[in-house]
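Novice: here is a sequence with its predicted model. Questions after.
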Amino acid sequence: MHPLTNPDHILYVDDEEALLEIGRAFLERTGDITVDITSSPLEACETIITGRYDAVVSDYMMPEMDGIALLQHVREAGSRVPFIIFTGRGREEVAIEALNSGADFYLQKGGDPRAQFADLANAIRQLTGRRRAEAALRKSEEMLHRAESIFRAAPAGIGMAVDGVVMEVNERLCDILGYTRDELVGQSMRLLYPGDAEHESTLRQMDVQIRKAGTCTLETRCMRKDGATLDVQFSSTPLDPTDHSRGMTFTILDISEHTALEREIAYHAEELVRQTNSLAVANRKLNLMSSITRHDILNQLTILLGNLWIAEEAGPGQDISEYLARVQSAADRIHRQIEFTRDYTDLGVRSPEWQRVSDALGTGTLQGLPVENEAGDLVVYADPMLATVFSNLMDNTLRHGESATRVRVRYRSEENGDLILIWEDDGAGVPAGEKERIFHRGVGKNTGLGLFLIREILAITGIGIAETGEPGKGARFEMRVPPGAYRVPE
């Protein structure tokens, strides 16, 4: 660390607390980074917008809020703090979504923790250094001297307006709009819009964005001198952020070809969606399961390797039993994850089908508890893994029901045409504050994926599930089957 340089102060957000400790240990060993940690994205959102951090490092997949949603909340709050997505989920669309949402860097977990945290430390230094350099650049007088040449040579159309009157334009703006400079300067900005209504709507949007973020960028339309209407990206910044009446600079990019291409892509995408069959939907569910499982296994692998490294670095006589216990725990969790993945290899492979609920339940007892089956000849349209749904509901009862002695399965019809298929036990029930959280990924005593994937399996054919039992009197899982997806015997 340079003696005159303050350490970079960062916030590290991850739902794996053991991984947080490993990350802080590695990063703070560099000497020029200090790390605050939290496993709560909601808590992180509140602290980030205070402006106390030089950078933020966040995992992607977390139960309360994923890393991209956290990033979007931070950006909507006006914070431009450098933001790094650091995740075990390495699919290209996640990286694209992160960068499009305003992330400054995307880094994938996995492998040697020393190498990956060294890469992370380098990314932090680069981003914070760049941020400081940009701040210094904004204050530099050199920027003022170069402004005129940039204005003239820029590939985008650039202009300046005061009180809605054009005061200056560059050549590119003249080319886009088909006017000469003399024809534009002194004219109202209204000249650029195809109608008063659209002009007023655009001005309102500009005002809202500028007041919220200090700048404005929106897609709208403007009119060329020859009467042609262009799709453009319009951006503006007030000359004086404290007084919008003093004027603004604005840029116009012709995006007509891009917009036409987007419309064509959207049309074909809609056609593709209409032609997509149930098997394709189920396959997307399978991909989701695989990526989630890979994310969790990579997290645990990082924890395992990190603790092994710390144990190897321990001095003579130092107690390393705690680190070895963490290694064993991570290995056990990886084993359970792999077993769980193997159990679900059939998810989405076959198309949904009509199934008799009683057949999916089996007869007598299911995994050891008596089942009072009142479903009769009820038939539902569901993924072929419907039997696995009931098996996992029974597993949930056995793990969390404590004193549960029996299970009852029944159904009722709703006035809106839905059918409610009910699984209930006489165990301890679910606390009021946990009823939705239990369906989140990573919540639970085993893999943390049982109820989450139950919801995913049912959702393939539009069946929802919620826990509605009374705490202390047993759990009740209500599966809402939409009209057309069930047949009730007469």
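Specialist: Thanks, I have it. Numbering: from 1, shown residues only.
Novice: so where do the strands sit in the stretch 151-300 of the chain?
Specialist: With strands called from DSSP state E, counting those that start in this stretch, the stretch 151-300 of the chain shows them at 157-162, 165-169, 216-223, 229-238, 248-254.
Novice: give the buried residues for the longest one.
Specialist: Along strand 229-238, these residues count as buried under the neighbour rule (16 or more other Cβ atoms under 10 Å): 230-236, 238. From N, CA and C alone the C-beta is placed, and that goes for glycine too.
Novice: and it, which strands flank it?
Specialist: strand 216-223 (antiparallel), strand 248-254 (antiparallel) (DSSP bridges).
Novice: go through these and pick out the most buried.
Specialist: strand 248-254 (a mean of 20; mean count of other Cβ atoms under 10 Å).
Novice: any idea which of the strands of the stretch 151-300 of the chain gets closest to residue 383?
Specialist: strand 216-223 (40.3 Å; Cβ to Cβ).
Novice: contacts made by the closest one with the rest, please.
Specialist: 177, 191-194, 198, 202, 205-206, 209-210, 229-237, 252, 255, 259 (Cβ atoms under 8 Å, 6 or more residues apart in numbering).
Novice: just the CA trace of it, in PDB.
Specialist: Extracted in PDB, the C-alpha atoms of strand 216-223 (Å, rounded to 0.1, in the frame of the first residue of the first chain):
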ATOM      1  CA  CYS A 216     -32.000  12.800 -19.500                       C
ATOM      2  CA  THR A 217     -31.800  10.000 -22.000                       C
ATOM      3  CA  LEU A 218     -34.900   8.800 -23.900                       C
ATOM      4  CA  GLU A 219     -36.000   7.400 -27.200                       C
ATOM      5  CA  THR A 220     -38.400   9.600 -29.100                       C
ATOM      6  CA  ARG A 221     -39.100  10.900 -32.700                       C
ATOM      7  CA  CYS A 222     -38.100  14.000 -34.500                       C
ATOM      8  CA  MET A 223     -38.800  15.500 -37.900                       C
END
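Novice: which element is the most centrally placed residue in the chain on?
Specialist: With distances taken as Cα atoms, centre = their mean, residue 68 lies nearest the centre of the chain, 3.8 Å away. For residue 68, the enclosing helix or strand under DSSP states H and E is helix 67-76.
Novice: tell me the buried residues in that helix?
Specialist: 67-68, 70-71, 73-75.
Novice: packing partners of it?
Specialist: With contacts taken as 3 or more Cβ pairs under 8 Å, 6 or more residues apart in numbering; DSSP states H and E, helix 67-76 sits against helix 41-48, strand 55-58, strand 83-87, helix 92-100.
Novice: closest one to residue 436 among those?
Specialist: Of all the helices and strands packed on helix 67-76, helix 41-48 sits nearest to residue 436, with 14.4 Å by Cβ to Cβ.
Novice: contacts for the closest one, please.
Specialist: Taking Cβ under 8 Å, 6+ apart as the rule, helix 41-48 contacts 11, 13, 36, 38, 53, 56, 58, 62, 64-67, 69-70, 73-74, 77, 79, 81.
Novice: for that helix, list the C-alpha coordinates in CSV.
Specialist: Only the C-alpha atoms of helix 41-48 are listed here, as CSV (Å, rounded to 0.1, in the frame of the first residue of the first chain):
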residue,chain,number,x,y,z
PRO,A,41,-29.1,-7.4,0.0
LEU,A,42,-31.8,-5.2,1.6
GLU,A,43,-29.4,-4.0,4.3
ALA,A,44,-26.7,-3.4,1.6
CYS,A,45,-29.1,-1.3,-0.5
GLU,A,46,-29.6,1.1,2.5
THR,A,47,-25.9,1.5,3.2
ILE,A,48,-24.7,1.8,-0.4
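Novice: name the residues of that helix that come out as buried.
Specialist: By neighbour count with 16+ other Cβ under 10 Å, helix 41-48 contains the buried residues 41, 44-45, 47-48.
Novice: identify the farthest-apart pair in those residues.
Specialist: Of all pairs in the buried residues of helix 41-48, the most separated under Cβ to Cβ is 41 and 47 at 10.9 Å.
Novice: so the residue nearest to residue 382 when sequence neighbours are not counted, which of the three states?
Specialist: Excluding the flanking residues, the one nearest residue 382 by Cβ to Cβ, 6 or more residues apart in numbering is residue 461, at 5.2 Å. Following DSSP: H, G, I helix; E, B strand; the rest coil, residue 461 is assigned to coil.
Novice: and which of the buried residues of helix 67-76 is nearest residue 417?
Specialist: Nearest to residue 417 among the buried residues of helix 67-76 is residue 68, at 36.1 Å by Cβ to Cβ.
Novice: list the buried residues of the helix or strand harbouring residue 117.
Specialist: Secondary structure from DSSP H and E places residue 117 in helix 113-139. Neighbour-count burial for helix 113-139 flags 113, 116-117, 120-121, 123-125, 127-128, 131 (criterion: 16+ other Cβ under 10 Å).
Novice: thinking again about what came up before, just the buried ones from the contacts of helix 41-48?
Specialist: 11, 13, 36, 38, 53, 56, 58, 62, 64-67, 70, 73-74, 79, 81.
Novice: show residues contacting the helix or strand that contains residue 381.
Specialist: In this structure, residue 381 sits in strand 379-382 according to DSSP H and E. Strand 379-382 is contacted from outside by 352-357, 386, 389, 419, 421, 457-458, 460-461, 463, 481, 484-487, using Cβ under 8 Å, 6+ apart.
Novice: count the residues that sit near residue 326.
Specialist: 20 (other Cβ atoms under 10 Å).
Novice: mind listing what it touches?
Specialist: Applying Cβ under 8 Å, 6+ apart, the residues near residue 326 are 18, 303-304, 307.
Novice: go again using 10 Å as the cut-off
Specialist: Going by Cβ atoms under 10 Å, 6 or more residues apart in numbering, residue 326 touches 18, 21-22, 303-304, 306-308, 310-311.
Novice: swap in residue 20?
Specialist: Residue 20 neighbours (Cβ under 10 Å, 6+ apart): 12-14, 35-39, 59.
Novice: and the residue nearest to it when sequence neighbours are not counted, bridged to which residues?
Specialist: Nearest residue to residue 20 in three dimensions, chain neighbours excluded: residue 37, at 4.1 Å (Cβ to Cβ, 6+ apart). When bridges are called by DSSP bridges, residue 37 pairs up with residue 12.
Novice: wouldn't residue 37 be in contact with residue 17 here?
Specialist: Yes - the criterion here is Cβ atoms under 10 Å, and residue 37 meets it with residue 17 at 8.0 Å.
Novice: compare the two (neighbour count), which wins?
Specialist: Using other Cβ under 10 Å as the criterion, residue 37 and residue 17 rank with residue 37 on top: 17 against 12.
Novice: in the stretch 251-400 of the chain, where is pLDDT below threshold?
Specialist: 267-296, 336-337, 339-349, 363-368 (pLDDT under 70).
Novice: appreciated, that's everything.
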